[in-house]
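K.L.:
what's the 3D shape of this:
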Amino acid sequence: MADPIEQFEIHPLPGMTFGEVNVPVLGNQVIAFTNSHVAMTIAFLMVVLFLTAVTSGAKVVPGRLQSTGETLFGMIDGVTDSIIGHEGRKYFPFVFTLFTLILGMNLLGMFLTFTATSQLAVTITFAMLTILLVIGVGILKHGLGFFLLFWPSSAPLLLRPVVGAIEFLSFLLRPVTLALRLFGNMLGGHVALKIFAGFVVSLGAMAFAGEGLGLWALPIAALSMTMVVALTALEFLVAFLQAFVFAVLATIYLNDVVNLGHGH
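P.N.:
Modelled structure (predicted):
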């Protein structure tokens, strides 16, 4: 049975390696265009083409494509508006970009043999961009008042340093949890799909070759095939939900600094 982890390996494309670069910290690094670059580029182009198609031929009575685009737009707009408030529209482009790119990469991974969001480097990049924006907005909007985020005024005075330290540690862990949640869900789902698909092939080959369980392997192969179909449907749902959860959490983190110390 094929190695279920092999699908996550990054390989340079033939003829797309451009020599070595001496980097004192990292050693000799090869610059190459890899399957990861291809997946991310295709996902980016898919998002651009989709949004172009949705907005270029907008009609009063929308078709299916326009309805899909307007639904996604309205959903994220509703998230930023309900969580952040009247200032949510300022941060809508960033959150919507995060959502559509992650969704594009997740869905593309259901059709290609490589899923970009199953790479920790990719999910960490999205998470770090989010946290850096949160810190930047907090400092630009509140100055040193940004650090009040880690000083819970509602807690008893003696407990404030302890609670503040916990809040600060929680803040530092935000990019880690953002990255690991998306990475873990995409990795785990595709590994499970590969394992059950491998069972179907292996058991089917045994049955027709008359080895191992023989024809008794066919019912088990059919059961594995049922699991593959069910997991595939579940993975499409997870692909959407993980993009949406990432967008919602990014909005919540932005709300913490936009509406620092008060509601909206």
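K.L.:
quick check: what element follows the helix or strand hosting Ala121 along the chain?
P.N.:
Here Ala121, judged by DSSP states H and E, is contained in helix 120-142. Next helix or strand after helix 120-142 toward the C-terminus (DSSP H and E): helix 160-209.
K.L.:
where does the stretch 151-264 of the chain dip in pLDDT?
P.N.:
Along the stretch 151-264 of the chain, segments meeting pLDDT under 70 span 209-216, 261-264.
K.L.:
buried set for the helix holding Ala121?
P.N.:
By neighbour count on 16 or more other CB atoms under 10 Å, the buried set for helix 120-142 is 120, 122-124, 126-127, 130-131, 133-134, 137-138, 142. The way it works is simple: take the backbone N, C-alpha and C, and place the C-beta from them, glycine included.
K.L.:
please apply the same query to stretch 97-114.
P.N.:
98-109, 114.
K.L.:
how many neighbours does Met225 have?
P.N.:
Residues lying near Met225 (other CB atoms under 10 Å) number 16.
K.L.:
ugh, typo on my part, it should be Ile195
P.N.:
Neighbours of Ile195 (other CB under 10 Å): 16.
K.L.:
and it, how far from Thr97?
P.N.:
Distance, Ile195 to Thr97, by CB to CB, to the nearest Å: 34 Å.
K.L.:
show me what counts as buried in stretch 148-159.
P.N.:
For stretch 148-159, the neighbour count (16+ other CB under 10 Å) marks 149-150, 152 as buried.
K.L.:
coming back round to it: ok, so of the buried residues of stretch 97-114, who is nearest Ala165?
P.N.:
Leu98 (29.4 Å; CB to CB).
K.L.:
the one helix or strand the closest one maps to to helix 120-142, inter-axis angle?
P.N.:
In this assignment (DSSP H and E), Leu98 forms part of helix 88-108. Using axes from the mean of the first three to the mean of the last three CA atoms, to 10 degrees, the inter-axis angle of helix 88-108 relative to helix 120-142 is 180 degrees.
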